[in-house]
Each structure stands twice: as C-alpha cells, then as structure tokens.
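# missing the sequence, but the structure's below:
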C-alpha cells in the first residue's frame, strides 16, 4: 500500500532554509526516538550544505532505551554530528542544546560571534513542544526575521545563542516502504492519508518478533509468537470488544486500538527500527527507486519513438 504523502508547504520551507542556512552555525534535526531513521528528512543534507548537525531523539520516554542508545552511538560516530535524547521530563533542555552546539562549533560564542542555530523536524516529532518549553522557561521570542517566511521565529536561549525555528520540513516522496508505515503509526502522517488496518498489520508484523511480551502483557493473549499479524489483530479485536453482530471482529476498530496503544505507549517503550534494519531498508528502497526511474525513462522513450 502506498502512503498518500502530501508535503504541503515544502517549497516555502525549503526556500526559508535556503535563505537562512548561509548564516547558520549548527543545524538541529529533531527525530522521533521510536523511528529515528524514518523520521529523518533525506533532503536535509542537501539543504544544510554540510553544516555541523545535532540530532535530537525526541520522545525518548516512549522508545526502547536499548535501541535509543544504539541510535545515539550511530549518530555520534559520524563526523561533525552529535546526538542526544530528550523528552518532556528534561529539566534543562536549553542547557543541553547549548552545550552540544558549542561542541560542534567551538569558535562561535560571545557577543561578537553569537551562535546561530536552525532547528528542523517533521510534523508531530515534538519540535513545537520543545520550542514552547524553551520559550516559556529559558527563552524569549524576539520576532520574525526579515527575508524569510513569516512562520520563522528567532528565540534567544542565551545572550549569545539564537535558535531559529522553521515550519515542519517534509519531502516529496517516501522511497522506503517501511518508513511510510512507521511514520503513519507514529502520527506524523494524517489519518486520511493511509489505511489504518494495513498500518496496524505492519505494526504487529514488527512487534510480534521484537516485542512479544509487550503484546502479551497488554492484550493478555498467550503464544503471541504463534500468531500472524492477521490472526493477532483478530484476537486483539475479540479481547478489546471490537466485535460486530454475528460475532465478526471489526478489524478497522481493532486496528485503531492497536495504533492508539502504540502512540500512547500502552505497549511500553517500543522502537520500530534498529540502525541496521533501517539502512538495509534504505538500500533496498534506493535500488527499487532507481529501477523505477529506469522503467519510467524507458516508457517515456518508447512513447516518443516514431511508429513504423
């Protein structure tokens, strides 16, 4: 199933970042700790022009701590990249951001060379929550900047540290199929853009081998590993009362329950991808995308060829 991905104001956001980036010292990208690879914007590397990057894994309290550590190790091993995990319980997020950015750009700081940082992230990744926390406790909004979109804000985290917030950054097409499902499950994609039942089945397909005990604890279903995603969805529907007249399970309602439980952390802390899994999916997606491009080019060439 294809996720109906609607980038919305992508063009305006790209333009805003392009105009701002030349004056930026560090780029912060917020990622969902439950799906760090899938929630990363593949276009951002092109847009930020090699600037040092800070990866923030948000919602770490909802994610598997073992996998969060694996993702942090992956990002921290990259050149000119630092990574840290945050959640709403962190008392001093501003201090953590400032220290990480100073490590990435040690020559910036002080009133003569203030640190200028751009923060990006997909919808529903937690960026707005973090910004509101920073504004309310440690930061002050200093107004819109001229020459960029009206939605951009400059926030002073310190006298010599400015954080620029832009609208959510999206990209035109998802080439990693599993990323589409994971983004939908997380709430990054609107409910009208996907089939909840298909997404719930894909979610269960991953959870059965990776988190069987979490499923057992939540739904009181024994031998979870002996189920397929379809039979488990049926069983969950019966346990949770999603049964129609005649005893048939309402799989649409059961799917909604499963997705809601994942988002609400009712299954416990869960991560939907390891670094190894994601980059394998990415390689497969790139290969499939390249093959599609060749087929499309061949078809277009055939249409233009003169008939004999």
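Thanks, I have the structure now. Computed from a predicted structure; not experimentally measured.

# contacts, neighbours, all on C-alpha from now
OK.

# sec struct for residue 163, please.
State at residue 163, reduced to three classes by DSSP: H, G, I helix; E, B strand; the rest coil: strand.

# quick one: it from residue 260, how far?
Between residue 163 and residue 260 the distance is 33 Å, computed by CA to CA, to the nearest Å.

# what do you get for residue 110?
To residue 260, residue 110 is 46 Å away according to CA to CA.

# comparing the two, which residue is more hemmed in?
More crowded of residue 110 and residue 260, by other CA atoms under 10 Å: residue 260, with 17 against 12.

# measure the more buried one to residue 208 for me?
17 Å.

# repeat for residue 74
Counting by CA to CA - residue 74 and residue 208 are separated by 25 Å.

# and the two? Which one has more around it.
More crowded of residue 74 and residue 208, by other CA under 10 Å: residue 208, with 20 against 15.

# from the contact counts, what lies against the helix or strand where the more buried one lies?
Using DSSP states H and E, residue 208 sits in helix 196-210. Applying 3 or more CA pairs under 8 Å, 6 or more residues apart in numbering; DSSP states H and E, one finds that helix 196-210 makes contact with helix 177-186, helix 229-239, helix 251-263.

# how far off helix 251-263 does it point, in degrees?
50 degrees (axes from the mean of the first three to the mean of the last three CA atoms, to 10 degrees).

# and the pLDDT at the nearest residue to residue 185 once chain neighbours are set aside?
Counting by CA to CA, 6 or more residues apart in numbering, residue 185 lies nearest to residue 259, which is 6.0 Å off, once chain neighbours are set aside. Note on residue 259: pLDDT of 97.

# do the one 10 residues further on as well
Among the per-residue scores, residue 269 holds a pLDDT of 97.

# count of neighbours near it?
18.

# repeat for the one 10 residues further on
By other CA under 10 Å, the residues close to residue 279 number 15.

# how about it, what does it touch?
By CA atoms under 8 Å, 6 or more residues apart in numbering, the residues touching residue 279 are residue 37.

# that one: what secondary structure?
helix.

# what's the burial count for the nearest residue to residue 202 once chain neighbours are set aside?
Nearest residue to residue 202, sequence neighbours excluded (CA to CA, 6+ apart): residue 181, at 6.9 Å. Residue 181 has 24 neighbouring residues, counting by other CA under 10 Å.

# so residue 181 sits right up against residue 201, yeah?
No - the pair residue 181 / residue 201 is not scored as a contact, 9.7 Å apart, by CA atoms under 8 Å.

# what about the stretch 1-150 of the chain, any weak spots by pLDDT?
1-12, 88, 136-150 (pLDDT under 70).

# all strands of it, in order?
Applying DSSP state E, counting those that start in this stretch to the stretch 1-150 of the chain gives strands spanning 26-32, 53-58, 81-85, 115-121, 140-141.

# let me have those strands in CSV, extended by distance to residue 272 and mean neighbour count.
Formatted as CSV, these follow (distance: least, CA to CA, whole Å; neighbours: other CA atoms under 10 Å):
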stretch, distance to residue 272, mean neighbour count
strand 26-32, 10, 26
strand 53-58, 14, 25
strand 81-85, 16, 21
strand 115-121, 18, 24
strand 140-141, 35, 16
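
# and the contacts of stretch 178-193?
2-5, 35, 37-39, 122-125, 174, 194, 199-200, 202-203, 259, 262-263, 272, 281.

# go again using 6 Å as the cut-off
Contact with stretch 178-193 is made by 4, 38, 123, 124, 199, as judged by CA atoms under 6 Å, 6 or more residues apart in numbering.

# if you rank those by neighbours, which is first?
Among the contacts of stretch 178-193, the one with the most neighbours (other CA under 10 Å) is residue 38, at 26 neighbours.

# for that residue, give me its contacts.
Contacts of residue 38 (CA under 6 Å, 6+ apart): residue 179.

# just put the helices and strands packed on helix 196-210 in a markdown table and tack on distance to residue 46.
Output for these, formatted as a markdown table (distance: least, CA to CA, whole Å):
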| stretch | distance to residue 46 |
| --- | --- |
| helix 177-186 | 20 |
| helix 229-239 | 38 |
| helix 251-263 | 31 |
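
# nearest to residue 45, of the ones you listed?
helix 177-186 (18.1 Å; CA to CA).

# just give me the neighbour total for residue 201.
Neighbours of residue 201 (other CA under 10 Å): 21.

# hmm, I typed the wrong one, I wanted residue 225.
By the measure other CA under 10 Å, the count of residues near residue 225 is 17.

# quick check, it in a strand?
No - counting by three-state DSSP, one finds residue 225 to be helix, located in no strand.

# distance of it from residue 171?
According to CA to CA, residue 225 stands 36 Å off from residue 171.

# same deal with residue 106?
Counting by CA to CA, the gap from residue 106 to residue 171 is 31 Å.

# roughly how far apart are the spatially most central residue of the chain and residue 71?
For the chain, residue 39 is the residue whose C-alpha lies nearest the centre (CA atoms, centre = their mean; 2.2 Å). According to CA to CA, residue 39 stands 13 Å off from residue 71.
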